[in-house]
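Visitor: sharing a sequence plus its predicted fold:
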Amino acid sequence: PEIKGIYMYNALPDGVWGEDSPWVEEVTAGSPPAHLVYGPECEKPIRPDCVPSPDRGDGHNPRHGQKIVDRYTALGRTSTIRLTDGLKNYGIGIFDRFPAFAASLDNDDHLVYVPLPSSTTPGGHCMDGSMAGYYIRKGSDPNLFVIYLQGGGSCADPIECERRVNTDLGSSINYPLTRKGGDFLNPACNENPLFCKASAVYIPYCSSDGHSGTAAKSE
């Protein structure tokens with residue numbers, strides 16, 4: 001039977017990842033969706049010289065998984081690959097992210113998460129340094145878009161910001177691969193007749209700063 005998705009914990013440790021590892025080349029445009037989760041954590045963006053925490057000598061380094069993510073991205077498959085690290089640091093269970101991943105494989109009407117590329121640096125980051133991103137579902141009307149900017153309120157002092165930095169308002173590491181669109185993002189025409197055919201975009205809020213425009217004040 002066809003493999004619908006791959007969920008792996010601490011994949012590709014140092015012992016199997018050599019200088020000329022074949023794992024990257026095995027990823028093709030037809031590879032299934034994947035979610036790689038790691039106990040150790042790397043600073044963001046994840047770099048080839050990452051020293052993981054909390055155990056600097058842990059061989060299950062997320063930097064190896066990042067090479068797989070980069071390969072998916074190069075093949076135009078960004079929306080089908082996800083890497084979550086730091087499970088040990090944040091008290092996340094090994095399978096806590098599995099139900100959302102499994103559900104994402106069977107919901108064509110859901111919005112799919114697209115992280116911003118690391119080249120967006122220095123912008124495009126959440127409070128903890130993880131990359132920000134957006135959810136999108138392409139509609140049947142090419143001239144109609146609905147874009148929803150999530151609110152969340154800003155933080156103004158170190159104590160307040162510290163409370164939220166490891167939540168979904170300060171980090172993208174726990175974002176699910178997909179989410180259901182409600183209200184104006186709902187694809188059901190009997191419930192959302194005006195915008196059911198629109199391309200729907202949901203932008204999560206994880207920077208704790210303010211949104212503002214550049215329009216000049218009118219007289």
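Guide: Thanks, I have the structure now.
Visitor: other SSEs contacting the helix-or-strand element of the chain with minimal mean pLDDT?
Guide: Across the helices and strands of the chain, mean pLDDT, DSSP states H and E gives its lowest value to helix 98-104, namely a mean of 79. Under the contact criterion of 3 or more Cβ pairs under 8 Å, 6 or more residues apart in numbering; DSSP states H and E, helix 98-104 touches strand 6-9, strand 178-179. Heads up, the C-betas are built off the backbone N, CA and C, glycines and all.
Visitor: single out the most deeply packed of those.
Guide: strand 178-179 (a mean of 21; mean count of other Cβ atoms under 10 Å).
Visitor: Glu162 in helix, strand or coil?
Guide: Secondary structure assignment for Glu162 (DSSP: H, G, I helix; E, B strand; the rest coil): helix.
Visitor: make CSV out of the helices and strands packed on helix 98-104 and add mean pLDDT.
Guide: Formatted as CSV, the helices and strands packed on helix 98-104 follow (pLDDT from 0 to 100):
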stretch, mean pLDDT
strand 6-9, 95
strand 178-179, 82
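Visitor: quick one: which of those is nearest Tyr205?
Guide: strand 178-179 (13.6 Å; Cβ to Cβ).
Visitor: show residues contacting the following helix or strand past the least confident helix or strand of the chain.
Guide: Counting by DSSP states H and E, the next helix or strand C-terminal to helix 98-104 is strand 111-115. For strand 111-115, the external contacting residues (Cβ atoms under 8 Å, 6 or more residues apart in numbering) are 78-79, 82, 104, 131-137, 172, 175-181, 185, 200-202.
Visitor: just the ones of those in strands?
Guide: Counting by DSSP state E, those place Arg82, Gly133, Tyr134, Tyr135, Ile136, Arg137, Thr178, Arg179, Ala200, Val201, Tyr202 in strands.
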